[in-house]
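>>> From the sequence below, what's the structure:
(chains A and B, ligands or ions: 2)
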Amino acid sequence: MKEDKHVLSMLVDNEPGVLSRVAGLFSGRGYNIESLCVAETMDPQISRLTIVTKGNEPIIEQIKKQLNKLINVIKVFEMTGQDYVQLELALIKIYAKPENRAEILRIADIFKCKVVDVGQEYYTIEVTGDEGKLSALLNLLKPIGIKEIARTGIVALFREAK
Amino acid sequence: MELTGAQILMLMLKSEGVDTIFGYPGGVVLEIYDELSKTDIRHILVRHEQGAVHAADGYARAGGRVGVCLVTSGPGATNTVTGIASAYCDSIPLVVFTGQVPTHLIGNDAFQEVDIVGITRPCTKHNFLVKHTEDLPRIIREAFYIARSGRPGPVLVDLPKDVGSKKIKFEMPGEVKLRSYNPTYNPNIRQLHKVMELVEKAERPMIFAGGGVILSKGSKELTEFAKKTQIPVTTSLMGLGAFPGSDPLWLGMIGMHGTFRANMATGACDLMIAVGVRFDDRVTGKTDTFASQAKIVHIDIDPTSIRKNIPVTIPVVGDCRIALENLSRLADEAKFGDLQKKRKPWLDQIVDWKSMRPLDYQQDRSGPIKPQYVIEKLYELTKGEAIITTEVGQNQMWTAQYYHFERPSRFITSGGLGCMGFGLPAAIGAQVACPGDLVVDVAGDGSIQMNIQEMATAVQHKLPVKIVILNNGYLGMVRQWQELFYGKRYSHTCMSCAPDFVKLAEAYGAVGLRATQPSEVVPVLKEGLFSSETVIMDFRVASEEGVYPMVPAGAPITEMLLV
Ligand SMILES: Cc1ncc(C[n+]2csc(CCOP(=O)(O)OP(=O)(O)O)c2C)c(N)n1
Ligand SMILES: [Mg+2]
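Ligands and ions are numbered 1, 2, ... in the order given. Here you go, the predicted structure:
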């Protein structure tokens, strides 16, 4: 069966140990986590946890049920297949040799990145976007030389009906 | 009212209706034990914390209540893990209180500190670390509610020493409301109508019931539905007793050591109504050939059980008892035509299978004693009415095959975890829950040594449990696999050194009896079973007897090895 990426967004009790319950469920049952992102919502008692996982349809169904079964998970939403917006933030540290500096800034401009740190040898740029945008940017920067990268993983929300 | 955490614990236990605790004291629970001594709650002092949890498990199953344990931190807590895991696999409602080092020492590698909440996260339904005495009343309420509701299971509550000693103003908490936990009890009636349509059409239907029917107290409804629709019934190991073993519609147990007719019927049926089961691999064998001609209806309160291992035609999420009750009602309006005539070919086929390959063994008069013979006589002498616990291995399977359970909650075994050492403490718990009943632990010579120390618990608390050891001198079930699949190379399965169980019983202040000849089986059973004391009966049985039928692991369940 085909293994697709799925974005799951869930509301959970904002309590110690909840992340470990979710992560433990994935590792204990051999499910995979591509990225995981968690922070408080407007209600300080509730956190939103966004997970990107991979699996065929029965596995994804099972993951959703298992998550729902955790006492601290309030609700699980499957975003994939629905109308939603997703964004990820990345910090990218690039080798900035004099001959590349202009090129880097031009690319950064096209991708609406911000330069957040400038050093003797490196630029650090900040980018937000969906997966497609981030991988296109990384493909362009790779030949120039990426030193380090830090990504947040995807966060996502449903779009409101128009 | 100003109360300490320990006093609040006692009040909350009383308000949850707890009258019995299985436990073992230690440093950080001294305060709690001190308060406990001032209440009328009965405390059963075990000899090992694993025993406390299995005993609470047996108590919960036999008595239909939540079992409660109390142990100390560190080693006391880690000793409970196996028992908790067993209860988790079998969905048994327990609340286990563990002591913990004071909150200011947590994380400091303090003396007898372990992260028991972390350790038991994957084998509890839920667990709590209580950080503030103020949270204690609500957490205890929630713990009991979570343990007993929905698909039941064990809940652990970790109690730091200072949480127990701190004084606060106490208020009794109200009803539990958890926004993230709302089990579905009432099944979708439209789904049940669809089920009935399949039942009307089916030529070769069967019911496959499991522990969920017993947990939901739905045996009566199951029996009524099956009889009304004349559908034969099999059960998993956990479901034994959910349907009367003497009924003509009874197929016997399904699975690896299931009966020939139950497994053949699974292969041939065109409709399987699975209720309160989880399609364990010991049941299904090779999954893609399991009930391959059948449409499958799966009723369970836990949505994760459905479509986990087996594709399902109609899923029904809900309480098994309520679902069966509704189905029974719908069956009154169903159009079956002449039901007797309609079912005849199918039921005749099942009778054929039964007479072709009944459960069978041969007891020669000259010996050796066959283990199956011991169980058959045990069944006859107790008229199928005893509460039977088992250890794990051949002893467990022979009990499942040859003791025909008439009623639910009378067969108590570690099904999902298959945990050796379960039977004796579970029998102790069952005896505490049902003081007037005859409670028998059917044991193997290997398993009984895993929690033999609980003999002292039984004797101290005057619990007259009876232990029937099927002593074959081997870790028999493992030996059987070696015989069949590893060229008879009995690598480390021979227990050539074992205690003299008769003397051992006497050393504990119990009664020890032994049978070495077939003619001694009934006299020993009679003397042992009808004694008013704790008794070990040591039956020296044939050493290389096997459990049959047997489906090799991963094979289709219709491909059985038969003797
Ligand atoms: C705690 C534990 N350890 C190991 C096993 C593996 N095991 C399953 S059956 C069995 C043999 C049990 O021997 P005995 O109690 O003598 O029972 P018999 O099969 O001989 O009736 C073993 C070792 C287990 N189920 N549980
Ligand atoms: Mg043995």
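>>> What sits closest to the residue in the stretch 251-400 of chain B that ligand 1 sits nearest to if chain neighbours are left out?
Ligand 1 sits closest to B:Gly393 of the stretch 251-400 of chain B, with a gap of 2.5 Å, by C-beta to the nearest ligand atom. To be clear about C-beta, it is placed using only N, CA and C from the backbone, and glycine gets the same treatment. In this structure, B:Gly393 finds its nearest non-sequential neighbour in B:Met477, 3.8 Å apart by C-beta to C-beta, 6 or more residues apart in numbering or on different chains.
>>> which residues are contacting the helix or strand hosting the one you found?
Following DSSP states H and E, one finds B:Met477 within helix B:476-485. Helix B:476-485 is contacted by residues B:392-395, B:397, B:444, B:446, B:470, B:488-491, B:493-494, B:544-547, B:550, B:552, B:561 when judged by C-beta atoms under 8 Å, 6 or more residues apart in numbering or on different chains.
>>> domain ranges for the chain?
This is for chain A. Domains of chain A are assigned by automatic domain parsing as A:4-78, A:85-158.
>>> my question was about chain B
Following automatic domain parsing, one finds the domains of chain B at B:2-169, B:189-356, B:371-540.
>>> can you redo those domains as JSON lines with distance to A:Leu105?
Below are the domains of chain B laid out as JSON lines (distance: least, C-beta to C-beta, whole Å):
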{"stretch": "domain B:2-169", "distance to A:Leu105": "47"}
{"stretch": "domain B:189-356", "distance to A:Leu105": "52"}
{"stretch": "domain B:371-540", "distance to A:Leu105": "62"}
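>>> how about a markdown table for those domains, with mean pLDDT added?
Supplementary listing: those in a markdown table, determined by pLDDT from 0 to 100:
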| stretch | mean pLDDT |
| --- | --- |
| domain B:2-169 | 98 |
| domain B:189-356 | 97 |
| domain B:371-540 | 97 |
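>>> among the ones you listed, which is nearest A:Asp13?
Distance to A:Asp13, taken as C-beta to C-beta, is lowest for domain B:2-169 among the domains of chain B, at 11.3 Å.
>>> Quote the end-to-end distance of the closest one.
Using C-alpha to C-alpha, to the nearest Å, the end-to-end distance of domain B:2-169 comes to 4 Å.
>>> and what of stretch B:436-447?
End-to-end span of stretch B:436-447 (C-alpha to C-alpha): 26 Å.
>>> re the thing from before, filter the contacts of helix B:476-485 down to the buried ones.
Neighbour counting over the contacts of helix B:476-485 (16 or more other C-beta atoms under 10 Å in any protein chain shown) leaves B:392-395, B:397, B:444, B:446, B:470, B:493, B:545-547, B:550 as the buried ones.
>>> Most widely separated two among these?
B:Gly446 and B:Met550 (19.1 Å).
>>> For chain A, list the residues in contact with ligand 2, please.
Not one residue of chain A sits near ligand 2, judged by C-beta under 5 Å from the ion.
>>> Strands of chain A, start to end?
A:4-13, A:32-40, A:46-55, A:73-78, A:84-95, A:114-118, A:122-129, A:146-151, A:155-158 (DSSP state E).
>>> buried residues in the last one?
Looking back up the chat, that one is strand A:155-158. Using 16+ other C-beta under 10 Å as the burial criterion, the residues of strand A:155-158 that qualify are A:Val155, A:Ala156.
>>> Could you give the number of residues near the spatially closest residue to B:Thr82 that is not a sequence neighbour?
Using C-beta to C-beta, 6+ apart and skipping the chain neighbours, the partner closest in space to B:Thr82 is B:Gln50 (5.4 Å). Residue neighbour count, defined by other C-beta atoms under 10 Å in any protein chain shown, stands at 26 for B:Gln50.
>>> Wait, a strand at B:Gln50?
No: counting by DSSP: H, G, I helix; E, B strand; the rest coil, B:Gln50 falls outside a strand, being helix.
>>> would you say B:Ile296 is within a strand?
Yes: per three-state DSSP, B:Ile296 lies within a strand segment.
>>> Can you list the helices and strands that the helix or strand that B:Arg514 is a member of packs against?
For B:Arg514, the enclosing helix or strand under DSSP H and E is strand B:511-515. Counting contacts by 3 or more C-beta pairs under 8 Å, 6 or more residues apart in numbering or on different chains; DSSP states H and E, strand B:511-515 is packed against helix B:501-507, helix B:518-529, strand B:535-540.
>>> Dump these to JSON lines, plus distance to ligand 2.
Below are the helices and strands packed on strand B:511-515 laid out as JSON lines (distance: least, C-beta to the ion, whole Å):
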{"stretch": "helix B:501-507", "distance to ligand 2": "12"}
{"stretch": "helix B:518-529", "distance to ligand 2": "17"}
{"stretch": "strand B:535-540", "distance to ligand 2": "11"}
